[in-house]
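1. after the sequence you'll find the predicted model.
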Amino acid sequence: MDIAFNQNEDQYKQLLFQLQKKLETVKLGGGKARLAKEHEKGKLTARERIAYLTDKGSEFLEIGALAAEGMYEEEGGCPSAGVITGIGYVSGRMCMIVANDATVKAGAWFPMTAKKNLRAQEIAMENRLPIIYLVDSAGVYLPMQNEIFPDKEHFGRQFRNNAKMSSMGIIQVAAIMGSCVAGGAYLPIMSDEAMIVDKTGSIFLAGSYLVKAAIGENVDNETLGGATTHCEISGVTDNKYESDEACLDAIKKIFDKIGKFEQAGFDRAEPVKPKKDEKELYGIFPIDRVKPYDMYDIIARLVDNSEFDEYKKDYGKTLICATARIDGWAVGIIANQRKIVKNKKGEMQMGGVIYSDSADKAARFIMNCNQRKIPLVFLQDVSGFMVGSKAEHGGIIKDGAKMVNAMANSVVPKFTFIIGNSYGAGNYAMCGKAYDPRLIFSWPTAQMAVMSGASAAKTLLQIKVAALKKSGKEISTEEESKLLQEITEKYNEELSPYYAAARLWVDGVIDPLETRKVISMGIKAADHAPLTERFNVGIIQT
C-alpha cells in the first residue's frame, strides 16, 4: 500500500474513533446516575428493554441514534432525542421498536422526539413492519410545546399514524412500563394490544396534581391510572405484569404466533463476502474531499464476491450504474464516479459532476430496475449537475429532470448512502431525503449542503461585505479575513454529517463496514411490503 493509502486509513480511523465516542455518550442517555435511579425503581432502562426483548445474537439497526445531538443545550441536552428506535427481531419476526428513555427528562417529548417517532412510524408503514412501543414518558416538554403540539408533523401526527396503521393491517403492540400521560395515553390504547407493568406503569389523561387543581378531587396516581385500575376496572389495558421482564416475555409470546407476511419478492441468493478486503475502504477513500478516487474500488468492497455487471459502461461515465448482489440481495447501484473521465467525444469530464449523458443513463437504468423488481442503492459523492453555456445548450436541465422524474417515481425501495459530498441538486437526483429513500445513512466523511464550504463561504462573504459597504461601513483586509474565517467555520459545522444526523436529515452516521448490513436489513424489511403501484415516469420531454 502507498503513503496516501496509509494516511487516508489513519485519518479515517480517527473519524471512526470520534463516531464511536459520540455513540458511547448518547447510549448513556441521561447519565449513569439517572440509569441507576431506574434500576432502583425495579425498572430496566430503554436500551436494556430492547436488548431483553430482541432475539439473542440477532441484528439490531438503530435509527436516529444521534438525533438531537448538540441541540437543546440550554435545556440540558436530549441524547438520542429521548427515545430509542430501530429495526430488530422478536421471536424471529422483524419489527420496528420504539422505546422512550426515561433517563432523559423523564422521557418527555422534545420537537426532535416527535420527528424521530414519526420517522420510526414512517419506516414501519412503508415496509409493513409490526411495531412495538415501550412507553415510559412524561409527555410533551412544556417549555417547547409550541414547537411540538399543533402542526401537521408534530405530536398529534403519531396518533393519526396509529389509526392509519390499523387500517393497513400493521400489528401494533404497546407496553406501558412507566408514565404515560395526557395525549400520549392514546398511543398505546390505539394499538392492537396494550399491556402494563404493575406499580411502575401508569396511564391517565391528567395526573393527580392536575386533577386536584381542575376538579378538586384527591386521588393518588396508582388509584387514578395504575395497572390494577386499568386491567380490572376501566379495561383500558389488557393485562398487567409484575416486572419489565415478564411484560417483555409476553410480547415475545405474541410475536411467536404471528402468521407469515406476504412478500414483495425481491431476489436473494446465498450471501457471499466481497472478494476484496472491505477494510481497505478506509485507505482508498480520501479524507480530503477535493481528491479524486475510483468509485469502482468502493463498489468492489461492498458487493458480493466483488462482482457487478455494469450498464452502459462506456456512456455517461461520471455515473456508474450496475447490478450486483449485496448479502445475497439483488440490487441496482447508482454511484457518482469521482475520477476525471473522458466522454464519448474524447472530452474530459470532472468527477462527481452529473452531465447530460450521465443523467440520461441513470434514468434508463432506474426504469430497468423497476421493471425487474430490483431495489436501488445510491452512493452519493456528488458536486451537482454540470453548469455553463455548453451544458445548458446541451439540455442539462431536461436530462436532469428525466433522472429526477424516474428516481422520484421509482416504486422499488431505494437506499441512500452519503459517502462524500452531497451538494445542491445532486443531492436530489441521487435520492436525498426529500425523495423517500427507505433508509438514508452517512459515512463519517459525508458533507451535505447547497454548495461546498469554500464556495459558500466566499459567496456569503461577498453578500456580507456588500451589505456593510451599503450601510457606509468600510472593512479592512484583516477584518475581511476574520469574517471569512467565521463564516467558513459556521458553514463547515453545518456541512458535518453529525449536524445532518442530529436533525434526522439522515438516519445515522455509520462505519463504512456497516453499509452491507444496512442494505441487507433494509431490503429484508422492504420485502414485507408487496409492490402495489406500477412504475410510471409520467410526461417528460425526451
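-> Arrived safely, thanks for sending.

2. output the below-cut-off pLDDT ranges for the chain.
-> 1, 183, 451-454, 456-457, 538-542 (pLDDT under 70).

3. what's the single longest helix in it?
-> Secondary structure of the chain read by DSSP state H shows that its longest helix is helix 3-26.

4. show me what that helix is packed against.
-> Applying 3 or more CB pairs under 8 Å, 6 or more residues apart in numbering; DSSP states H and E, one finds that helix 3-26 makes contact with helix 281-284. For every residue, glycine as well, the C-beta is placed using N, CA and C.

5. so what does the helix it packs on touch, helix or strand wise?
-> helix 3-26, helix 295-300.

6. which residues does the first one contact?
-> Yep, that's helix 3-26 we're talking about. 65-66, 69, 79-80, 280, 282-287, 444-445, 498, 509, 511 (CB atoms under 8 Å, 6 or more residues apart in numbering).

7. please repeat the previous calculation with a cut-off of 7 Å.
-> 65-66, 69, 79-80, 282-283, 285-287, 444-445, 498, 509, 511 (CB atoms under 7 Å, 6 or more residues apart in numbering).

8. repeat for stretch 299-314
-> Here stretch 299-314 has contacts from 271-272, 274-278, 280-281, 320-326, 328, 333, 335, 361, 365, 515-516, using CB under 7 Å, 6+ apart.

9. surely residue 415 meets residue 519?
-> Yes. If you go by CB atoms under 7 Å, residue 415 and residue 519 touch, sitting 5.6 Å apart.

10. overlap of the contact sets of these two?
-> residue 377.

11. export the helices and strands packed on helix 281-284 to JSON lines and tack on distance to residue 205?
-> Below are those laid out as JSON lines (distance: least, CB to CB, whole Å):
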{"stretch": "helix 3-26", "distance to residue 205": "32"}
{"stretch": "helix 295-300", "distance to residue 205": "53"}
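
12. closest to residue 419 out of those?
-> Set against residue 419 and scored by CB to CB, the helices and strands packed on helix 281-284 come closest in helix 295-300, at 7.2 Å.

13. list the buried residues for that closest one?
-> Going by neighbour count (16 or more other CB atoms under 10 Å), the buried part of helix 295-300 is 295, 297, 298, 299, 300.

14. can you check stretch 47-64 too?
-> 47, 48, 49, 50, 53, 54, 59, 61, 62, 63, 64.

15. span of that stretch from start to end?
-> 14 Å (CA to CA, to the nearest Å).

16. what about it, distance to the chain center?
-> Computed by CA atoms, centre = their mean, to the nearest Å, the chain-centroid distance of stretch 47-64 equals 17 Å.

17. neighbouring contacts of it?
-> In contact with stretch 47-64 (CB under 7 Å, 6+ apart) are residues 27, 44, 80-81, 84-90, 92, 97, 99, 116, 119-120, 123, 134, 244-245, 248, 251-252, 504, 507-508, 517-518, 521.

18. looking at the residues you listed, which are in helices?
-> Per DSSP H, the subset of those in helices is 116, 119, 120, 123, 244, 245, 248, 251, 252, 517, 518, 521.

19. how about the contacts made by the third one?
-> The one in question is residue 120. 63, 85, 96, 98 are the contacts of residue 120 under CB under 7 Å, 6+ apart.

20. columns distance to residue 376 on top of the residues you listed, output as JSON lines?
-> As requested, the contacts of residue 120 are exported to JSON lines (distance: CB to CB, whole Å):
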{"residue": "63", "distance to residue 376": "20"}
{"residue": "85", "distance to residue 376": "24"}
{"residue": "96", "distance to residue 376": "22"}
{"residue": "98", "distance to residue 376": "27"}
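
21. the residue lying closest to residue 190 once chain neighbours are set aside in helix, strand or coil?
-> Distance criterion CB to CB, 6 or more residues apart in numbering; nearest residue to residue 190, sequence neighbours excluded, is residue 162 at 3.8 Å. Three-state assignment for residue 162 (DSSP: H, G, I helix; E, B strand; the rest coil): helix.

22. hmm, back to that, reformat the ones in helices among the contacts of stretch 47-64 as JSON lines; add distance to residue 107.
-> As requested, those are arranged in JSON lines below (distance: CB to CB, whole Å):
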{"residue": "116", "distance to residue 107": "13"}
{"residue": "119", "distance to residue 107": "18"}
{"residue": "120", "distance to residue 107": "15"}
{"residue": "123", "distance to residue 107": "21"}
{"residue": "244", "distance to residue 107": "14"}
{"residue": "245", "distance to residue 107": "19"}
{"residue": "248", "distance to residue 107": "17"}
{"residue": "251", "distance to residue 107": "19"}
{"residue": "252", "distance to residue 107": "23"}
{"residue": "517", "distance to residue 107": "29"}
{"residue": "518", "distance to residue 107": "27"}
{"residue": "521", "distance to residue 107": "27"}
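
23. with that, I have no additional questions.
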